[in-house]
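K.L.:
just need the structure, nothing else, for what follows:
(one chain, ligands or ions: 1)
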Amino acid sequence: MDLKLVHTRAELAAAREKLGRLALVPTMGALHEGHRSLIRIARERADHVAVSIFVNPLQFGPNEDFARYPRTLDADVEVCAAEGVALVFAPSAEEMYAADRSVTVSAGPMGDVHEGAFRPGHFDGVLTVVLKLFNLVRPDVAVFGQKDAQQLAMIRRMVADLDVPVEIVGAPTVREPDGLAMSSRNRYLSAEDRAVALALSRALHEGAKHARPAEILTAARAVLDAAGPALSVDYLILVDPETFTEVSDDHRGEAVLAVAARVGGTRLIDNVPLSLG
Ligand code: AMP
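P.N.:
Numbers count the residues shown, from 1 in each chain. Model prediction:
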């Protein structure tokens, strides 16, 4: 089946009608292997896959990288075609948001901590666009990366709290051979920045060798500190994967070790799921 590229709600509605059980992969484009892995997981879950490509202005702060975020629609559509995607929805900001819009989704307290504390309003913007995409595309399943672990937790929370009839699937983080988590923002990194950025995945890897929360955090922190002043750490946390509250030192069971840091002008995040026994 050939890929259909649509830009408007009307085109989307007409194309969606012809598809049966549908899995949606929401993205901001500049597609890489991480996105491809989500598409492959989506294909296993449904008859057809839809990919949305939209750099959502609502989830960027005033001093963030909205204007320079990479926009590579032609290459992205080729990637989608090669991965057997049936439908690509790439709306303009005007198509998505009415000029007089006023209602948004509130992420609640989980939206104010960690990633949300450094990016005020970010999760309100994410949840608002994801709910709109769900209402427009009407997928049966939607696939999100574990790479954005707090986002995944927030989307699960929204779907549960607002009774959204979409099954949420989490997908593992895809990394470069040297460990760096793939990201559309990696293309901002100079060679020197990239070497410094490796401290994030290395820190998670060192932390994961330990069993107790305090030891995990100490080992990970040591790697971040060794990277020197070129790495500016926003947070290093060990949290419950569902609530994103920090775990106590006697915690047993699932946890997420997550880090956010700035290298040069680029902000990077990474995390690993851990099972503490
Ligand atoms: P983005 O285009 O960055 O908004 O990401 C779109 C989706 O791809 C989100 O669900 C991300 O969590 C996911 N994603 C981004 N990078 C990766 C990666 N390296 N591995 C797996 N999923 C990813």
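K.L.:
how about the residues of the protein that lie near the ligand?
P.N.:
The chain comes close to the ligand at residues 27-28, 34-35, 37-38, 144-145, 147-148, 171, 173-174, 181-184, as judged by Cβ under 6 Å from any ligand atom. C-beta coordinates here come from the backbone N, C-alpha and C atoms, glycine included.
K.L.:
where along the stretch 101-250 of the chain do the helices fall?
P.N.:
Assigned by DSSP state H, counting those that start in this stretch, the helices in the stretch 101-250 of the chain fall at 115-118, 122-137, 149-161, 191-207, 213-226.
K.L.:
the shortest one packs against which elements?
P.N.:
This means helix 115-118. Applying 3 or more Cβ pairs under 8 Å, 6 or more residues apart in numbering; DSSP states H and E, one finds that helix 115-118 makes contact with helix 122-137, helix 149-161, strand 231-239.
K.L.:
about what we covered before: out of the helices of the stretch 101-250 of the chain, nearest to D2?
P.N.:
helix 122-137 (18.4 Å; Cβ to Cβ).
K.L.:
off-centre distance for that closest one?
P.N.:
In terms of Cα atoms, centre = their mean, to the nearest Å, the gap separating the centre of helix 122-137 from the centre of its chain is 13 Å.
K.L.:
ok, and for that helix, which residues are buried?
P.N.:
By neighbour count with 16 or more other Cβ atoms under 10 Å, helix 122-137 contains the buried residues 122-134, 136-137.
K.L.:
thinking again about what came up before, pipe the helices of the stretch 101-250 of the chain into JSON lines and attach mean pLDDT per row.
P.N.:
Putting the helices of the stretch 101-250 of the chain into JSON lines (pLDDT from 0 to 100) gives the following:
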{"stretch": "helix 115-118", "mean pLDDT": "98"}
{"stretch": "helix 122-137", "mean pLDDT": "98"}
{"stretch": "helix 149-161", "mean pLDDT": "98"}
{"stretch": "helix 191-207", "mean pLDDT": "98"}
{"stretch": "helix 213-226", "mean pLDDT": "98"}
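K.L.:
reformat the ones you listed as a markdown table; add distance to L274.
P.N.:
Formatted as a markdown table, the helices of the stretch 101-250 of the chain follow (distance: least, Cβ to Cβ, whole Å):
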| stretch | distance to L274 |
| --- | --- |
| helix 115-118 | 18 |
| helix 122-137 | 23 |
| helix 149-161 | 12 |
| helix 191-207 | 8 |
| helix 213-226 | 7 |
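K.L.:
closest one to A107 among the ones you listed?
P.N.:
Per Cβ to Cβ, nearest to A107 of those: helix 122-137, 3.7 Å.
K.L.:
could you give the angle of that closest one to helix 149-161?
P.N.:
On the basis of axes from the mean of the first three to the mean of the last three Cα atoms, to 10 degrees, helix 122-137 is oriented at 60 degrees to helix 149-161.
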